[in-house]
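S.K.: Structure for the following, please:
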Amino acid sequence: MVMVASVVTLVGTVTGMVSALDHGRGSDRARPEVTHVPSPVPRPALPAPSPSPSRTTRTPTAPSKEPPATGLTPTRTERKQRTDPVTPRLYRHPDSQVLDWVRAHPDDPRTALIASRIADRPAAVWFAEYSPDTIAVRVRAVTAGAAAQGRVPVLVPYAIPDRDCGGASRGGAPDLAAYDAWIDAFARGLGSAEVIVILEPDSIAQSDCLSAADRAARFASLARAGRALKAANPRARVYYDAGHSGWNPPAEQAALLKQAGADASDGVFSNVSNFRTTADEIAYDRQVLDALGGPASLGAVVDTSRNGNGAPPDGQWCDPAGRRIGRAPTLTTGEDRIDAYLWVKLPGESDGCRGAAGTFTPSYAYDLAR
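M.R.: This is a model prediction of the structure:
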């Protein structure tokens, strides 16, 4: 039903504290990178970010439901989406690769568009380096910065053992015991204000490489992680990996999610670093939630950072041409059971074809934004 596509290794080049990786599967995926401690929190002396690998990708063998690329001119719908106001409730990390580029290139003719349509949008902050001694202070720096502004940060812990099934994004904690301790330290940095946690992208949808015993152990650890995060901060909203609408069937994905304790969380996330249309993700996520069961309060969040034109019909996932930024990040979607549209992947950070993998590529960002 699905086939595995190629992988591209991403190498991050920006120095700083918080790293985001490109990883996992699902057609057309890559990850954002955020690199510094937010002001006014003091900057601790911390290691440079990890490399940013991409992931193997799954694409359906059936024809894609996404429309073909429509050229470089945005449609009327896309123009409307790009004028959506950004919710004041979501936190924009003050340091990132795109902001670094905008500040360093005030006279570049692309700067104004990239600044207004990408750099000014709130995006997730990734914690992809296994660093047990510093993870709590790293998380606390971000949550404290957001709390000082009265805004909600989006955090992505990404250190599960056997990450990416040993592929291009291999890494993470050395074993599940070490991961459990890392998550406990992560949780200590959450503070007491509202925060959204996108827990371990690809950890559930991409678990078929594990033996039955190893998968059960991973899912038990993920269930434990959700409990630890909620115990540390009851206002934390924890979402589990649902893959995307072109990956596992909803009932199959829901069965995996249930084993990982997602029915005791706040819900699921989908389309992370992918290009699937928002409409397809909404329909898919609702089917997953229905099959998952659990309380009626369970919802879903969708990564809309690069899905304005949907996925390319040929299944291309590495910086495919003709893609556009999608709906602005918001916690008010107007859709039943859809809690948020988020930019988990920061547009313009290359999958490895338009530029050095994992780094901000202005030509790619400009094409996505215009």
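S.K.: Give me the contacts around the host helix or strand of I114.
M.R.: Following DSSP states H and E, one finds I114 within helix 111-114. Applying Cβ atoms under 8 Å, 6 or more residues apart in numbering, the external contacts of helix 111-114 come out as V98, W101, V102, H105, G348, P362, A365, Y366, A369, R370. From N, CA and C alone the C-beta is placed, and that goes for glycine too.
S.K.: Compare those residues and tell me which has the most neighbours.
M.R.: Most neighbours among the contacts of helix 111-114, by other Cβ atoms under 10 Å: G348, with 30 neighbours.
S.K.: burial measure for V152, as a count.
M.R.: Look at V152: counted by other Cβ under 10 Å, it has 22 neighbours.
S.K.: give the contact list for it.
M.R.: V152 makes contacts with R89, L90, Y91, A146, A193, E194, V195, I196, L331, as judged by Cβ under 8 Å, 6+ apart.
S.K.: So for the third one, what pLDDT did the model give?
M.R.: The predicted structure scores Y91 at 97 on the pLDDT scale.
S.K.: If you count neighbours, what's buried in the longest helix seen in the chain?
M.R.: Counting by DSSP state H, the longest helix found in the chain is helix 212-232. Within helix 212-232, the residues that count as buried by 16 or more other Cβ atoms under 10 Å are 215, 218-219, 221-230, 232.
S.K.: Strand partners (parallel or antiparallel) of the helix or strand following that helix?
M.R.: Downstream of helix 212-232, the next assigned helix or strand under DSSP H and E is strand 236-241. Each strand paired with strand 236-241, and its direction, by DSSP bridges: strand 195-198 (parallel), strand 267-270 (parallel).
S.K.: center of the chain, which residue is that?
M.R.: The chain has V344 as the residue nearest its centroid, 3.4 Å off, counting by Cα atoms, centre = their mean.
S.K.: Would it be right to say that it lies in a strand?
M.R.: No - under DSSP: H, G, I helix; E, B strand; the rest coil, V344 falls outside any strand and is assigned coil.
S.K.: Show me the contacts of V152 that map onto helices.
M.R.: Using DSSP H, the subset of those located in helices is A146.
S.K.: quick one: Y158 and G310, what's the gap?
M.R.: 26 Å (Cβ to Cβ, to the nearest Å).
S.K.: re earlier: of the strands paired with strand 236-241, flag the one that's most buried.
M.R.: Of the strands paired with strand 236-241, the one with the most neighbours on average (mean count of other Cβ atoms under 10 Å) is strand 267-270, at a mean of 28.
S.K.: From the chain's centroid, how far away is it?
M.R.: With Cα atoms, centre = their mean, to the nearest Å as the basis, strand 267-270 stands 11 Å off its chain's centre.
S.K.: following it, which helix or strand comes up?
M.R.: Note on strand 267-270: by DSSP H and E, the next helix or strand toward the C-terminus is helix 278-292.
S.K.: tell me which residues in that following helix are buried?
M.R.: Buried residues in helix 278-292, counted by 16+ other Cβ under 10 Å: T278, D280, E281, I282, Y284, D285, R286, Q287, V288, L289, A291, L292.
S.K.: Next: stretch 105-118.
M.R.: By 16+ other Cβ under 10 Å, the buried positions in stretch 105-118 come out as R110, T111, I114, A115, R117, I118.
S.K.: Between the two ends of it, what distance do you get?
M.R.: Using Cα to Cα, to the nearest Å, the end-to-end distance of stretch 105-118 comes to 15 Å.
S.K.: go on, stretch 321-336?
M.R.: Per Cα to Cα, stretch 321-336 runs 32 Å from first to last residue.
S.K.: that older thread, let me know the closest of the contacts of helix 111-114 to F127.
M.R.: When those are compared for distance to F127 (Cβ to Cβ), V98 wins out at 18.8 Å.
S.K.: Which neighbouring residues are in contact with the closest one, exactly?
M.R.: Counting by Cβ under 8 Å, 6+ apart, the residues that V98 touches are I114, I118, A119, L346, G348, E349, F360, A365.
S.K.: and it, what pLDDT?
M.R.: 95.
S.K.: For it, give its distance to K345.
M.R.: Separation of V98 from K345 (Cβ to Cβ): 12 Å.
S.K.: Also A365?
M.R.: A365 is 12 Å from K345, by Cβ to Cβ.
S.K.: which residues touch the residue nearest to the centre of the chain?
M.R.: Taking Cβ under 8 Å, 6+ apart, one finds 31-32, 123-124, 154, 156, 198, 201, 269, 272-273, 303, 305 in contact with V344.
S.K.: Save those as CSV, and put in distance to L210 too.
M.R.: Output for the contacts of V344, formatted as CSV (distance: Cβ to Cβ, whole Å):
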residue, distance to L210
R31, 21
P32, 26
A123, 30
A124, 26
V154, 27
V156, 21
I198, 21
P201, 16
F269, 21
V272, 20
S273, 22
D303, 24
S305, 29
